[in-house]
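S.K.: I'll drop the sequence and a predicted model, then ask my questions.
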Amino acid sequence: MAISIQNYIILANFDNEMSKVLSAICIEKGGVALENYVGRFFAADVLEYIVEYGNRLKKAGAKIEPDVASVMDLFEKQFEKVKSLVTPNQKPIHEMSLEEFEKIMNI
């Protein structure tokens, strides 16, 4: 995936849709609090990936519109709240090769 603003927007939309699904699952499972749902770890990993993607866009000097920049700031603030939930490893998930990821996940 080539790094671009359009791909960042796709990732942001994915996160929004995933959040809706996670909330629906929690409700369906009897009103489980999102903080207690096991899927919160996956959501934290996704958020970590999106924040890093945004950081790479900034470092690449991409022209970022103000509305996209505000979304990036929002994601960074959200990530700070769930930073402790990301998958622990020596290497951030967004820097892993597929083989490294499969080994960590025991696939």
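M.R.: Received it, and whenever you're ready, just let me know what you need. None of the values given here were measured: they were computed from a predicted structure.
S.K.: Just the buried positions in stretch 22-40, please.
M.R.: Using 16 or more other C-beta atoms under 10 Å as the test for burial, stretch 22-40 gives 22, 26, 37, 40. C-betas here are computed from N, CA, C, even on glycine.
S.K.: who's in contact with that stretch?
M.R.: Outside stretch 22-40, the residues within contact range by C-beta atoms under 8 Å, 6 or more residues apart in numbering are 43, 82, 85.
S.K.: In helices only, show me these.
M.R.: Residues of the contacts of stretch 22-40 located in helices (DSSP state H): 43, 82.
S.K.: Pipe the contacts of stretch 22-40 into CSV and attach pLDDT and distance to Val68 per row.
M.R.: Below are the contacts of stretch 22-40 laid out as CSV (pLDDT from 0 to 100; distance: C-beta to C-beta, whole Å):
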residue, pLDDT, distance to Val68
Ala43, 93, 21
Val82, 89, 21
Leu85, 84, 25
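S.K.: Who wins on neighbours among the contacts of stretch 22-40?
M.R.: Counting by other C-beta atoms under 10 Å, Ala43 has the largest number of neighbours within the contacts of stretch 22-40, with 20 neighbours.
S.K.: can you tell me which helix or strand the nearest residue to it once chain neighbours are set aside belongs to?
M.R.: Closest residue in space to Ala43, ignoring its immediate chain neighbours: Leu22 at 6.1 Å, by C-beta to C-beta, 6 or more residues apart in numbering. Here Leu22 sits within helix 5-28, counting by DSSP states H and E.
S.K.: where are the low-confidence patches of the protein?
M.R.: 1, 89-90 (pLDDT under 70).
S.K.: Could I get the contacts of stretch 22-40 in JSON lines, plus columns for distance to Glu100?
M.R.: What follows is those, written out as JSON lines (distance: C-beta to C-beta, whole Å):
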{"residue": "Ala43", "distance to Glu100": "21"}
{"residue": "Val82", "distance to Glu100": "23"}
{"residue": "Leu85", "distance to Glu100": "20"}
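S.K.: Which of the contacts of stretch 22-40 lies at the shortest distance from Asn55?
M.R.: In terms of C-beta to C-beta, no member of these lies closer to Asn55 than Val82, at 16.7 Å.
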